[in-house]
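1. Sequence and predicted structure, then a few things I'm wondering about:
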Amino acid sequence: MKEFPPVALFKKFVNERSHNKKEHIRLLVFMTGSLEIISIMILHLIGFIGLELPVLRLISCLSLLISLVFIVLYLNKWILLIRAFFTYSIIAQILESVRIVYLVIACPPDYETMVVCNHIGSYSILLYLALGFVPRASFYVLVMGLGSLFFTAFYGEGAIDPQFVILFLVLNISTYLLSVIIQHGVRDMQREKNSFKSFRTNILRTLHITQEELDAFLELCEDRKPYEKYEPLLFGLLDERKKHNFLRAVDKLQKKHAAEQQDFARKFPMLSKVELEICRLVAYGKPVSEIAIITGKSISNVSTVRGNIRKKLGLDRNTDLRAFLVKDDKEKNSEV
């Protein structure tokens, strides 16, 4: 499916700037938050939203300028994403708190609505930090946000209704706790990932194979029709020495398998090759579901073959097929 050029360019930008999924998400959250602040500040400066007060316009100009500065610093790779996100969020929260304190002290007309809107903006900064996996910054933003919230609630007669105070208090604390839980989860996943990478590297080093060879071998083992794709892929990756060792191991396994089949074929000459193979797997104690996976057949097909084996061996449904096969094999060994 063909993508639109802007979408393709955006994906290319994100992939070039992020080296893992965590960085990928953090970059998207950082850019989304920055563009949101830029849009709101522009709307305020052109008089579409907010109060037209010089101090508030100055704060909006500073917010817009700082947003553009950090975006430019990051795009030019003069600052790391995590550092840009951390510093930018702290400065944005400081400006938001200053805006709230000024509104509460100055008490311009209709300032109560703007105080609530700015507390929503303050909370959104904390929310973006939680979504962006930014460590420690959430705590500083929470402290400043709660400070401005309590100032709003207790300065003078209180700028907003106590219900809003309780609402923002619960939202801020719960979001901060969520960010802490997310951080612990991300660290645990990172440790598990590093442990797995170390384990995988040790396996590859011990076996003297590449990741591509291991992937091809695993696909060869799992696929029901490996000859269509994975056999050529695997043998195309192996060098001559590895091919020789691999084929020698396969040859030994085939000879052992053939000997076991021959043994069952002598004891039960009336069984077909497919039925003999099922007998061998049953004798090994494999369940029907696993036999179906090994042979590439459906469970119902395997059950049908087992039923045919019982009929040919004259066994009723109450007789344990595996016990019969193993018992017969033990009796033969005792005679020898």
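-> Cool, the structure landed.

2. Remind me which helix or strand Pro108 belongs to.
-> Following DSSP states H and E, there is no helix or strand that holds Pro108.

3. Give the phi and psi angles for it, as a check.
-> Main-chain torsions, Pro108, degrees, to the nearest 10: phi -70, psi 170.

4. and what of Ile160?
-> The phi/psi pair for Ile160 (degrees, to the nearest 10) is phi -130, psi 160.

5. Looks like it contacts Asn118 (just checking).
-> No: counting by C-beta atoms under 8 Å, Ile160 stays clear of Asn118, with 10.5 Å between them. From N, CA and C alone the C-beta is placed, and that goes for glycine too.

6. Those two - which one has more neighbours?
-> The residue with more neighbours, out of Ile160 and Asn118, is Asn118; 24 against 19, by other C-beta atoms under 10 Å.

7. just for the stretch 151-300 of the chain, where's the confidence low?
-> 206-209, 213-239, 242-243, 246, 253-262 (pLDDT under 70).

8. Which strands and helices lie in contact with the top helix by length along the chain?
-> Longest helix in the chain, counting residues (DSSP state H): helix 162-207. When contacts are defined as 3 or more C-beta pairs under 8 Å, 6 or more residues apart in numbering; DSSP states H and E, helix 162-207 sits against helix 111-131, helix 137-154, helix 211-222.

9. Could you save the ones you listed as CSV and add columns showing distance to Val274?
-> Below are the helices and strands packed on helix 162-207 laid out as CSV (distance: least, C-beta to C-beta, whole Å):
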stretch, distance to Val274
helix 111-131, 56
helix 137-154, 63
helix 211-222, 21
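
10. Which one, of these, ends up nearest to Ile37?
-> Distance to Ile37, taken as C-beta to C-beta, is lowest for helix 111-131 among these, at 8.2 Å.

11. pLDDT averaged over that closest one, what's the number?
-> Averaging pLDDT along helix 111-131 yields 92.

12. Okay, buried residues for that helix please.
-> 111-112, 114-119, 121-131 (16 or more other C-beta atoms under 10 Å).

13. and what of stretch 277-295?
-> Glu277, Ile278, Cys279, Arg280, Leu281, Val282, Ala283, Lys286, Ile291, Ala292, Thr295.

14. hey, C-alpha coordinates of stretch 264-283 in PDB?
-> Output in PDB follows, covering the C-alpha atoms of stretch 264-283 (Å, rounded to 0.1, in the frame of the first residue of the first chain):
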ATOM      1  CA  PHE A 264       8.000 -51.300  14.500                       C
ATOM      2  CA  ALA A 265       7.700 -52.400  10.900                       C
ATOM      3  CA  ARG A 266       9.000 -55.900  11.800                       C
ATOM      4  CA  LYS A 267       6.600 -56.100  14.700                       C
ATOM      5  CA  PHE A 268       3.600 -54.700  12.900                       C
ATOM      6  CA  PRO A 269       4.000 -55.400   9.200                       C
ATOM      7  CA  MET A 270       0.300 -54.600   8.600                       C
ATOM      8  CA  LEU A 271       0.800 -50.900   9.400                       C
ATOM      9  CA  SER A 272       1.500 -48.200   6.800                       C
ATOM     10  CA  LYS A 273       4.400 -45.800   7.000                       C
ATOM     11  CA  VAL A 274       2.200 -43.000   8.400                       C
ATOM     12  CA  GLU A 275       0.800 -45.400  11.100                       C
ATOM     13  CA  LEU A 276       4.300 -46.600  12.000                       C
ATOM     14  CA  GLU A 277       5.400 -43.000  12.500                       C
ATOM     15  CA  ILE A 278       2.400 -42.300  14.700                       C
ATOM     16  CA  CYS A 279       3.200 -45.500  16.700                       C
ATOM     17  CA  ARG A 280       6.800 -44.300  17.300                       C
ATOM     18  CA  LEU A 281       5.600 -40.900  18.600                       C
ATOM     19  CA  VAL A 282       2.900 -42.500  20.800                       C
ATOM     20  CA  ALA A 283       5.500 -44.800  22.300                       C
END
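
15. The chain should start at 340 in everything you say after this.
-> Noted, 340 is the first residue going forward, which turns the last one into stretch 603-622.

16. Can you give the distance of it from its chain's centre?
-> 46 Å (C-alpha atoms, centre = their mean, to the nearest Å).

17. Identify the residues contacting Ser477.
-> By C-beta atoms under 8 Å, 6 or more residues apart in numbering, Ser477 lies in contact with Leu465, Leu468, Ala469, Thr514, Tyr515, Ser518, Val519.

18. typed the wrong thing, it's Ile433
-> Met483.

19. so it is in which element?
-> Secondary structure from DSSP H and E places Ile433 in helix 420-445.

20. buried set for that helix?
-> In helix 420-445, counting by 16+ other C-beta under 10 Å, buried: 420-421, 423-425, 427-443.
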